[in-house]
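J.: need a 3D model of the following:
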Amino acid sequence: MPWKLFQFKDQAVYVRVLPDGKPIVHRGRVELRYRLGATKSYRAAPANLVESDGPVIPDVEMSGSPTATTSSHVVVREMPDEPATPDTIVIHTDGACSGNPGPAGIGILIERQDEIVEISEFIGSGTNNIAELTAIFRALESLREDERDAHIHLYTDSGWSIGVLLQSWKAKTNLELITKIKEIMTLFPRLEVLKVRGHAGQAGNVEADELATMAVRRESSMNRSRKRSSLPRPVP
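T.: Numbers count the residues shown, from 1 in each chain. Below is the predicted model of the structure:
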């Protein structure tokens with residue numbers, strides 16, 4: 001994510017911001033650095049910031065290596081830090097590809113308290129990595145604006161996607177898509193990205209895989225929703 005110049009207690013600092021220049025606030029704090037080229041970040045209360053005139057500065061111009069705080073609100077593990085409740089939005093994503101590259105599709109299962117959404121989308125020719133990343137992006141893009149503060153569990157079986165999005169792995173391709181996903185992730189401060197084993201029979205992952213495979217097989221897309229039953233909601 002980019003940076004912008006602010007005044008902090010009468011000192012010029014660079015604050016990590018959204019593309020529109022608004023500071024990214026996580027748990028009541030912003031990330032700041034004291035000079036261009038600095039690699040160490042500090043936390044500060046946004047109330048102490050005064051915006052200065054100046055452009056939004058791309059991260060590459062900061063020169064310092066991106067720190068874990070770039071997406072610090074996103075938790076990556078197999079078990080959630082905050083257990084699911086009836087209000088938690090649970091998402092499973094998967095990508096499929098016939099050949100690599102070849103015809104590709106994505107599958108998304110979104111489970112809300114009162115609704116289940118299934119998305120099966122054919123994305124044309126692509127690679128497995130493109131399909132996995134696109135599934136994550138489409139899933140977050142499908143959430144409503146009033147759900148930005150919701151607690152979200154997003155499950156993916158793509159370790160590579162987690163690596164390039166959240167663990168500073170260096171990607172040589174798909175850079176534009178990766179950047180777009182990182183930007184949209186900042187809109188969801190209670191998002192937890194969770195690793196699931198692929199093809200291990202876990203509920204949700206199985207359905208997402210079937211939706212992705214169906215998109216490739218039919219070379220068509222489908223988006224449907226249905227009401228949840230009155231039965232207790234299973235916790236992943």
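
J.: state the next helix or strand along the chain beyond the one helix or strand in the chain whose mean pLDDT sits lowest.
T.: Taking mean pLDDT, DSSP states H and E as the measure, the chain has strand 75-77 as its least confident helix or strand, at a mean of 55. The helix or strand immediately downstream of strand 75-77 is strand 89-97, counting by DSSP states H and E.

J.: so how far is that following strand from its chain's centroid?
T.: The chain centre lies 12 Å from the centre of strand 89-97; the measure is C-alpha atoms, centre = their mean, to the nearest Å.

J.: can I get it as PDB, trimmed to CA atoms?
T.: Below are the C-alpha coordinates for strand 89-97, written out as PDB (Å, rounded to 0.1, in the frame of the first residue of the first chain):
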ATOM      1  CA  ILE A  89     -19.300 -14.500   7.300                       C
ATOM      2  CA  VAL A  90     -17.600 -17.700   6.200                       C
ATOM      3  CA  ILE A  91     -16.100 -17.800   2.700                       C
ATOM      4  CA  HIS A  92     -14.500 -20.700   0.800                       C
ATOM      5  CA  THR A  93     -12.600 -20.000  -2.400                       C
ATOM      6  CA  ASP A  94     -10.900 -22.200  -5.000                       C
ATOM      7  CA  GLY A  95      -9.600 -22.100  -8.500                       C
ATOM      8  CA  ALA A  96      -9.400 -24.700 -11.200                       C
ATOM      9  CA  CYS A  97      -7.500 -25.000 -14.500                       C
END
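
J.: what pairs with the helix or strand harbouring residue 104, parallel or antiparallel?
T.: Secondary structure assignment for residue 104, by DSSP H and E: strand 102-111. Partners of strand 102-111 in the sheet, by DSSP bridges, are strand 89-97 (antiparallel), strand 115-126 (antiparallel).

J.: list the buried residues of that strand.
T.: Residues of strand 102-111 classed as buried by neighbour count (16 or more other C-beta atoms under 10 Å): 103-111. Any C-beta I mention is one placed from the backbone N, CA and C, and that applies to glycine too.

J.: so where's this structure shaky on pLDDT?
T.: 10, 63-78, 230-236 (pLDDT under 70).

J.: now with 80, please.
T.: 1, 9-11, 19-20, 26-27, 35-41, 52-55, 58-82, 167-168, 198-200, 229-236 (pLDDT under 80).

J.: that one: strands as residue ranges?
T.: Along the chain, counting by DSSP state E, strands occupy 3-8, 11-16, 30-33, 42-44, 49-51, 75-77, 89-97, 102-111, 115-126, 152-156, 191-195, 222-227.

J.: nearest to residue 210 among these would be which one?
T.: strand 102-111 (6.7 Å; C-beta to C-beta).

J.: could you give the angle of the closest one to strand 222-227?
T.: Interaxial angle, strand 102-111 versus strand 222-227 (axes from the mean of the first three to the mean of the last three C-alpha atoms, to 10 degrees): 10 degrees.

J.: using PDB, write out every CA atom in strand 102-111.
T.: Extracted C-alpha coordinates of strand 102-111, given in PDB (Å, rounded to 0.1, in the frame of the first residue of the first chain):
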ATOM      1  CA  GLY A 102      -5.700 -23.500 -20.000                       C
ATOM      2  CA  PRO A 103      -9.400 -22.900 -19.400                       C
ATOM      3  CA  ALA A 104      -9.800 -21.600 -15.900                       C
ATOM      4  CA  GLY A 105     -12.600 -21.100 -13.400                       C
ATOM      5  CA  ILE A 106     -13.300 -20.000  -9.900                       C
ATOM      6  CA  GLY A 107     -15.600 -21.300  -7.100                       C
ATOM      7  CA  ILE A 108     -16.800 -19.300  -4.200                       C
ATOM      8  CA  LEU A 109     -19.100 -20.300  -1.300                       C
ATOM      9  CA  ILE A 110     -20.200 -17.400   0.900                       C
ATOM     10  CA  GLU A 111     -22.200 -18.300   4.100                       C
END
